[in-house]
Each structure stands twice: as structure tokens, then as C-alpha cells.
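Enquirer: from the sequence below, what's the structure:
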Amino acid sequence: MVKVLPRNCIRHPALMATVAALAALATAPAPALAGRWTSLQAKSTQTSPQSAASGSSWHTLSEPISESNLRSVPFGTRSYWVQPWRAYMDTRPASALQEGLGINFNVTNSIDEPVAQVLQETGFTLARVGINWQAISYENPAEFSNPAGLRARLEVLKAHGLRPLILLDANSESPAPSVPVTLTTTTEAKAGSAAVQLTASSAAEVVPGKTGFDDLTFGGDPDVLITAVSARDVATLSAPLKANLPAGEHKGRTLRYAPFGKPTLPNGQPNPLFRETMEGWLKYVSAVCHLAASAVGPNGYDLEVWNELSFGSQFLKSEAYYKTGGGHENTEPVARETEESMEMPELETATEESATTRLLLDETVRLVRAPGSGIPAGVGITDGFASQTPFPSGANAPVGLTALSKHPYNGWKEFPAAQKASPIRNVNAVGGLEGGGVNRLPSFAPTFDSLFPEYFLTGISTENLVREVAPVTTEIYGFPHGREVGPVGGEPVQKWITEYTLVPGKHGVPTGPQGEKLSGVTVTPRDHEHFLAKALLRSLTAMINKGFSREYIFAAANARNASVIGEAFMNDLKTKGASYPGFAAGGEVVAALHNLVQHFAGPGLEGQPRQLQLESIAQLGNHAQFSGNGTTAHPALYDREVLAVLPFESAPNRFVIPYYVMTRDLLTDYQPSAPSSDLQRFDLPDESFRITFANLPSGTPKVSSYDPITGSSSPTKVVEETAKSTTIEVAATDYPRLLQIEY
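Expert: Below is the predicted model of the structure:
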């Protein structure tokens, strides 16, 4: 089930650290920061953060790249000032972005052809689709109930150059092969009852431990099981009723397999019921691989094991179904697709890994990688249990696993209100540790709204994703994390973002250019589309450049403010049938992505990219993202400190470099007096920067800059060349423009 949203935790036995482990950081010595922080802030003046980039003075940030940007914020700390993504700079082949652009393909078979076509024309090469365990036949658990429909869907993706990532899942809303049953009760059962009176015909249909009532607790089909039926047709329930159950007919289902229980019995012997369910899962995995190979070719697909643990995952834990008392601690509703749920809550304590999830991952990888499986090594496998927690490490991955999945959802936050007292320590701008330890707040927290796609690349969250993709290996509770980390005897494990989008959600009152709250500002549907285009361009270029191998955007369509394909395109499909509405109807998001990807085209490279070096960034004026308090420990965060410079090489000596100001709030209204029809009022007014590169080829380059949203050029010029470096002046806004350097 390719749903939206938050929350998971795969968990590691060796990572069973708790708040106590975090609190231990309270007494740890402060890590050293690069000297540039102190010297820079000492000579910078404090200004209103949202004031225009006025004035004629250039302010220079020297040595913007330093490992200290990551090492100075170890796990268990966070910082408003330190930028972990600036710990390193890679020049990546342009093909990495072209080949890494994916989509969650969440449309029905009736319109999959035209949707796949517009996605192909946009530049997408990957598509994530769910084939739930529930699609398997109850009568024959090695086959699908409707293989023709599933095959047709995969064939459409292949025809349009979209490599499927098939999500293997058993979402508890409808987890496994099952058949519907009608359970008729003869008398009303009161809330708290642990038994109901069935009719004789209903009682005869019950398979104890597998038959149950639908949608009585957490929203599963079923979610309250019948554990036994007496000779008088009294059914014992796995959990007390939450509400009165009236006499009459009730929907229910009989599962082919019981929910996963403990792998072993109390006496230490294998649990036969667990093995039965596990064997059923492995038959399902085999059926998926056989179907996919027949539709797209043996090497033409990849697999993701599970989606998100914190919703719809009750089937992994039989305790969610079995309650002996009146409590219902695992009865949260199945998450539905809402803007508010597109947020990954920060995990501030380590948690224990489930033996079931570990075995499920291990046995799936073992099955797929078995020498006699007939499944080529080119079929990738990613660990979806890892999608919403920082703890899984490539070092403990099963040999043969290709990647760890990540779902870095994060919504609007208002600081300093979002700064809660916790054991998490704050690192200030000179490396000092503040707050935390005994749940103290830091001595200062800046005022700003946070709504930006790179949140988990910054130091604001202790769960920053830079740890996973950096060429610098760091640790979380003794386990190594980083780009080169893999299991003993295996390859380094890649990192795939298998769901991502950014929506305003519960965004409060937008701020103005001076940071003031603006009442009465209307954010129109076109504003939302423009917002999404900017957010996705930023996320894609930043995440792929920093080391993620893939990013699958959520979602193709039918996702309100998260839809990549515009409403005009979808409305045409509704009114005109399945005929193709044309690329122009796709809207701003697909147009911007198309423009971006097209500028990464090139003959490619025979060897490795030339690694450019970033020597300095100079900013005209002192526009900043937030104000400080006038001290070197708590300064303003100037735009030069968050100017993203993300190099790619598309041909020998031809570079495409997305650059933009990594603003903290994409819904800042910089022109409050402008009419609501003016989309650019939410765009950061152009700011001038001088970027100094080293290790460019010799000679005088040809430079230009392209704006993928407007489709126009932007002012760019070479202002200085030396034997070792070249300085290029650009005009930057809050979404990527493409600096093109060619020799």
C-alpha cells in the first residue's frame, strides 16, 4: 500500500539505547567546530533576517565545506546553525539525477497508460507500485487472484520506461489472503465484552485465530479475531469490544494465515503458527517475482520489503489483536492520506527491533538471493522497515540487501515554540552544548518558521540523513553509518528515498519579508502547485547530489496538494476517457521537472566526474534566515551559509550545478502588497552571490544560468580567474537554477 505517511521504526537489538544514552551526552565535551564559524560571525553584522539583500558590501564565507559540519553534531545533538550537508561536496554524474527520479504510481488501471506517458515525458525513470499480500488467492496461496490486471499494470510501466519498485506489504487494513464472511450475532454484546453469541451458521464458518470481525478496533479487516467457539455457538474474542455490538449481521473475514506471533514458543521451540505465516509470505514474494519477471523481464524490477511500521503494521504483531483486559493501547486508526500526516516525527530515543521484522527481512533477502531462485542479482531489494527511523545501519544489513529506504516527511514547525525541553543537546554556532541533559531548554532559540524539504539534511533534527549518505563514517550508538558502510561480506548499502513530498499541512499564518506574521494572506491552489514545484526541485537536486541513489516522489496524482500531475490533466481524463490530454496539461510541477531533467542530458562520462571544490561564497548584503541575539554563539543565519551549490557533470568538462538559497520557509510572502494572482510573491527576491570554484579545467569557461520554473535565463558572469580558481557571480532565489559551465 503506497500511502503517505509517517512514522516507523525498524529497530536494532544492538541499538537498544534509551533516553539515558542521550542524556549521557549532557556531560560529553563539546565537539570542535571549524574555525570559520567564530571568525565569520565575529566580523558579520546583525541585521533583520528578512530584510532585502540591500547594500553594496560583499560578505564572504570562507571554507564552506568542512567535515566538522557533520562531526560537530553527533547523534543526540542538534543545531540551528551547523549545516551537516556542508560536510562534503561531491560532483556527481548527471546520469545519477536522470536515473534516480522516481514516482509513487498511485492511479487506477483505467488511466495508467496516459499517466505513465506524461511521467515518461517529464523524465521519470522509476515507479513505485504496491502489490499487497492480500492480492494472493486464498485458495491457492502461490498465485494471484487477478494476475492479468497486475501484469497489465507492470507492462504499462515498462512500455513507458518506468522501472517498477514493487512494494511487498501486508497492511493490516487488508493484510493477507482472505475471504469475506458474514458474522451474525443473536444478541447485543456490550462494550468490554470478550464474547459474542453467534448463529449456528456463522459459528460453522469460523476458523479460530483466523476469522474475525472487521473494523472494530484499529481499522483492520479483520481486527478482532475469534479465538474459539463453544458448543453453544458462543465466540470468544481476542480483545474486549470497544463499543456495543448490536445483534445482526456484521462484516468479517477469514485470513489464510494468522497474524505473526512470536517466532519461538515459551519452551524455546519454533512456533509452528509463525512458520506457517512466514512460509505463506515467502510464497507471496516468489509469486511477485515470477509475475514481475514475466511482465517486465527478469532484471526489470526491484523490491521493497514493507512500507511504514507505525501505521497499518498490526499484522506483524499478534499482540495488536489479542487483549485480555479492557485496554486498547494498539488501537490507533489506520492512517489515511492527509496533509497533516505527511510528517515524520523526530525519534528521540532508540527502540528495540522486532524479531519478526528482522526475520521477515532476512528470509526475504535469502529467498531472492538464493542461487537456485532464478532471480538475477540486478533485482534490487530495499529495507522499508528502515523508512522512518535513524537506527538501521548498513553494517547489520543482511548480505544481499541493496538499500535502506527513507521517508523524510516533515511538516511546518514554528520556532522557538517547537523547541521542547528534552535530553537532546543543542550545539550553538561556536560548538558549545546547551540545554538537554535534565530536560533544559537552550539559552537561546531563534524565531523562524520551518517548512523546507532539506530539513533532515540540516542540524535542526538529530536524525539528520547526512549520516547515511556522507563519505564520512560516523556512529549512532556504536553502529557505523555512512556511504561506504555495508555488512561483512557484502557491498555498501545504498540509500533510497521511496516516498517524499512536502505539503503545508497545518501551516500557520505566513510570514512577511521582515519575519512578521501576515493575516489575511490567501494561499491559492496555484500557489500550492508553485510551492510543490519548488519543493520537489530542491529535494531532488539536494538529495541526489548529497548521495541518495533514488528519490520516489509522492505521488503521481489524486493526492491533493501533493499531486505531481496537475488537475487540468486529471480532469481531462475524467471527461474525455483514457485519451492522452497532452503534456502541456500536466501543470507546473511536471513542466519544471521536465525542464530540469532536460538540462542534465549529455553524452555522459567515461570515467569518474571531476571533483570540483568550493572555496568560498560571497553574498551581496546580509539577508539572513533568522536573527541572532548579537552574540557569536547565537548569530544570524546568513543566506551565504545556506546557499546550496550542487555540482553534476553531464559530459567531459561540462558541468550542471543547481544552486539556490536553502530558505527555512517556502511560504514566506516577500511581497505582501502583491495580488494573490502573483505567484512570485512567495519567491525569494534575487540575491547576488559570488561562488569561487577550484579544480575546474584550465581555460576560460562559457557560463550561463537557466531557471527551470520560468524557462528563462538568469544573469551569470565570470568575475575573476586565477591559476587555481574561478569566481562566478549568479543571481539566486529559493529554488534551483542551473549554473552551466562548459570548456
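
Enquirer: please name every helix or strand in contact with the helix or strand that contains Arg128.
Expert: Using DSSP states H and E, Arg128 sits in strand 126-130. Applying 3 or more CB pairs under 8 Å, 6 or more residues apart in numbering; DSSP states H and E, one finds that strand 126-130 makes contact with strand 101-104, helix 147-159, strand 163-168, strand 550-553. For the C-beta atoms, the positions are set from N, CA and C on the backbone; glycine is no exception.

Enquirer: any chance of those in a markdown table, plus distance to Pro581, mean neighbour count and mean pLDDT?
Expert: Converted to a markdown table, the helices and strands packed on strand 126-130 look like this (distance: least, CB to CB, whole Å; neighbours: other CB atoms under 10 Å; pLDDT from 0 to 100):
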| stretch | distance to Pro581 | mean neighbour count | mean pLDDT |
| --- | --- | --- | --- |
| strand 101-104 | 17 | 26 | 98 |
| helix 147-159 | 17 | 17 | 97 |
| strand 163-168 | 24 | 24 | 98 |
| strand 550-553 | 20 | 25 | 98 |
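
Enquirer: let me have these in CSV, extended by distance to Tyr580.
Expert: Formatted as CSV, those follow (distance: least, CB to CB, whole Å):
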stretch, distance to Tyr580
strand 101-104, 17
helix 147-159, 13
strand 163-168, 21
strand 550-553, 21
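
Enquirer: contacts for the strand holding Arg128, please.
Expert: Under the contact criterion CB atoms under 8 Å, 6 or more residues apart in numbering, strand 126-130 has outside partners 1-2, 99-105, 116, 119, 153-154, 157, 162-167, 169, 304, 307, 498-499, 550, 552.

Enquirer: show me what contacts Ile375?
Expert: Per CB under 8 Å, 6+ apart, neighbours of Ile375: Cys289, Ala293, Pro298, Val368, Arg369.

Enquirer: Phe75 now?
Expert: Pro390, Thr462, Glu463, Arg467, Thr474, Glu475, Ile476, Tyr477.

Enquirer: how about low-confidence regions in the stretch 1-150 of the chain?
Expert: 1-55 (pLDDT under 70).

Enquirer: sorry, back to before: who wins on neighbours among the contacts of Ile375?
Expert: Among these, Val368 has the most neighbours (other CB atoms under 10 Å), with 23 neighbours.

Enquirer: for that one, what are phi and psi?
Expert: Backbone geometry at Val368, expressed as degrees, to the nearest 10, gives phi -70, psi -40.

Enquirer: that one against Val285, yeah?
Expert: Yes. At 7.0 Å, Val368 and Val285 qualify as touching, with contact defined as CB atoms under 8 Å.

Enquirer: okay, and Thr575 sits in which element?
Expert: With DSSP H and E as the criterion, Thr575 is inside helix 567-576.

Enquirer: report the mean confidence score over that helix.
Expert: With pLDDT averaged residue by residue, helix 567-576 scores 92.

Enquirer: what's the answer for stretch 196-208, then?
Expert: 98.

Enquirer: what's the end-to-end length of that stretch?
Expert: 14 Å (CA to CA, to the nearest Å).

Enquirer: just how off-centre is that stretch within its chain?
Expert: Centre-to-centre, stretch 196-208 and its host chain are 44 Å apart (CA atoms, centre = their mean, to the nearest Å).

Enquirer: same thing with stretch 481-500?
Expert: Worked out by CA atoms, centre = their mean, stretch 481-500 lies 15 Å from the chain centre.

Enquirer: make 684 the starting number, not 1.
Expert: Yes, from this point I'll number from 684; that puts the last item at stretch 1164-1183.

Enquirer: got the buried residues for it?
Expert: By neighbour count on 16 or more other CB atoms under 10 Å, the buried set for stretch 1164-1183 is 1164-1166, 1168-1170, 1176-1183.

Enquirer: repeat for stretch 1050-1057
Expert: Leu1050, Val1051, Arg1052.

Enquirer: stretch 1191-1206 now?
Expert: So for stretch 1191-1206, counting by 16+ other CB under 10 Å, buried means Pro1193, Thr1194, Gly1195, Pro1196, Gly1198, Val1204, Val1206.

Enquirer: what secondary structure does the fourth one sit in?
Expert: Reducing the assignment to helix, strand or coil with DSSP: H, G, I helix; E, B strand; the rest coil, the entry for Pro1196 is coil.

Enquirer: just to check, it is in contact with Ser1356?
Expert: No. Under the criterion of CB under 8 Å, Pro1196 is not in contact with Ser1356, lying 10.5 Å apart.

Enquirer: ranges for the helices of the protein?
Expert: Remark: helices assigned in the chain by DSSP state H are 702-706, 718-726, 751-754, 777-782, 795-805, 830-842, 883-888, 955-979, 1038-1052, 1149-1152, 1208-1229, 1250-1259, 1271-1281.

Enquirer: for the longest one, name the packing helices and strands.
Expert: In this case it means helix 955-979. Here helix 955-979 touches helix 830-842, strand 846-851, strand 985-988, helix 1038-1052, going by 3+ CB pairs under 8 Å, 6+ apart.

Enquirer: what do you get for the last one?
Expert: Where contact means 3+ CB pairs under 8 Å, 6+ apart, helix 1271-1281 is packed against helix 795-805, helix 1208-1229.

Enquirer: ok, and what's touching it?
Expert: With CB under 8 Å, 6+ apart, helix 1271-1281 has contacts from 780-781, 784, 801-802, 804-807, 1209, 1212-1213, 1215-1216, 1219-1220, 1223-1224, 1246-1249, 1266, 1341, 1389, 1391-1392, 1394, 1419, 1421.
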